[in-house]
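**Q** What shape does this take:
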Amino acid sequence: MGVADERMLREVTSFLDRQKLDYSSTEEQYCTRLTVKSRGQIVPVSIYNSGKIVVGGADGELKRLLSEMRDALVSGAAVPGQVLPFEIDRFPDTIRDRVPECDPVIIAFIAEAIRCVRADALLAAAFMLGAASEKAVNLLVHCYADAIIDAPKKDKFLSRVNNRMISVKWDEFIRSYKSCGSKPTEGVLSQDLETVIGSMFQFCRITRNEIGHPQIVPDLDRGVLLANLGHFVTYVERIYSLTKHFRDNGVNI
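**A** Residues are numbered from 1 along each chain as shown. A predicted model of the protein is given here:
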């Protein structure tokens, strides 16, 4: 059993995992000490059995980030298991760091979604998130089409997706992808595409449609919206990893 307060340790390691920061763990007399590394910087974070968090090391970007994490957790404003309030402000930069080639339209809509969340305009935030998702999936579908090796099959696929609604494009893409002979075979990209990417796409699409074609005011839960906004970084990263696979390996259907 660890020395640290279990809940606080879980929240800290969850944050580090979301940020994709390398860390190691050692047990000390009254705390668990995590040594966090990033871009040549090393910062120790001690989580005590009382729940107290101490961030050490030299001043720098990593220490500032971990200090913000500490302040958010200790203040009690964070919802367990969800992104910390200050994290969402970093999402555009996080996307740029992880996906340097990301389309600026996607980043612009995510930045706008964050401003809406900060203003407690949840309907607007969900709509912006849906727009960013649609742009990303459009890029995925058309990159897939461009990579189809057989020209007649490429033309046939394009005839089914060009000038169609995003839901139709997605369905046609999934239908074609199931028969693709050049799918990724290793890592997370080899997992069920509809689970890895499709669930996020459908949440964004359905929520955006409910807001854009309103019959009633959608009942949006702030926590659910923040969770999906937090997942969007990984979502975009996976989409761009797939597009790279298609470009590098071609699409054989």
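**Q** going forward, measure contacts and count neighbours with C-alpha atoms only.
**A** Will do.
**Q** quick check, K37 in a helix?
**A** No: with DSSP: H, G, I helix; E, B strand; the rest coil as the criterion, K37 is assigned strand and is not in a helix.
**Q** check contacts around it.
**A** K37 makes contacts with L21, D22, Y23, V43, as judged by CA atoms under 8 Å, 6 or more residues apart in numbering.
**Q** Pairing partners for it in the sheet, please.
**A** According to DSSP bridges, the partner residues bridging K37 are D22, I42.
**Q** follow-up on the earlier one: flag the least confident of the contacts of K37.
**A** When the contacts of K37 are compared by pLDDT, L21 scores lowest at 91.
**Q** my read: that residue touches L34, true?
**A** No: using CA atoms under 8 Å, L21 is not in contact with L34, being 11.2 Å away.
**Q** related to what we said a few turns ago, just among the contacts of K37, which is most surrounded?
**A** For those, neighbours were counted using other CA atoms under 10 Å, and V43 has the most, 20 neighbours in all.
**Q** That one: what's it in contact with?
**A** Applying CA under 8 Å, 6+ apart to V43 gives the contacts T35, V36, K37, V55, G56, G57, A58, L62, K63.
**Q** Just put these in a markdown table and tack on pLDDT.
**A** A markdown table is the format used below for the contacts of V43 (pLDDT from 0 to 100):
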| residue | pLDDT |
| --- | --- |
| T35 | 97 |
| V36 | 97 |
| K37 | 96 |
| V55 | 97 |
| G56 | 96 |
| G57 | 93 |
| A58 | 92 |
| L62 | 93 |
| K63 | 95 |
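**Q** I'd like to know which of those is nearest to A126.
**A** Closest approach between these and A126, by CA to CA: L62, at 30.3 Å.
**Q** how much space between that closest one and G76?
**A** Using CA to CA, to the nearest Å, we find L62 at a distance of 22 Å from G76.
**Q** More neighbours: those two, which one.
**A** The neighbour count for L62 versus G76, taken as other CA under 10 Å, is higher for L62 (20 against 9).
**Q** Report the buried residues of the helix or strand hosting that one.
**A** Here L62 sits within helix 61-75, counting by DSSP states H and E. Buried residues in helix 61-75, counted by 16 or more other CA atoms under 10 Å: L62, K63, L66, S67, E68, M69, R70, A72, L73.
**Q** pull the longest helix from this protein.
**A** helix 222-249 (DSSP state H).
**Q** domain assignment for the protein?
**A** The chain breaks down into these domains under automatic domain parsing: 6-81, 88-249.
**Q** So in the protein, where's the weakest helix or strand by average pLDDT?
**A** Of all helical and strand segments in the chain, the minimum by mean pLDDT, DSSP states H and E falls on helix 193, at a mean of 88.
**Q** Next SSE downstream of that helix?
**A** Following helix 193 in sequence order, the next helix or strand is helix 199-212 (DSSP H and E).
**Q** R96: which of the buried residues of helix 61-75 is nearest?
**A** Taking the buried residues of helix 61-75 together and measuring to R96 by CA to CA, the closest member is L62, at 17.3 Å.
**Q** residues touching that closest one, list them.
**A** Residues near L62 by CA under 8 Å, 6+ apart: S38, Q41, I42, V43.
**Q** before we move on, what about F232?
**A** M200 are the contacts of F232 under CA under 8 Å, 6+ apart.
**Q** give me that answer again for 7 Å
**A** F232 makes no contacts at all, as judged by CA atoms under 7 Å, 6 or more residues apart in numbering.
**Q** State the distance from it to K135.
**A** Remark: distance between F232 and K135 (CA to CA) = 13 Å.
**Q** now what about stretch 9-23, what contacts it?
**A** L34, T35, V36, K37, S38, I47, G81.
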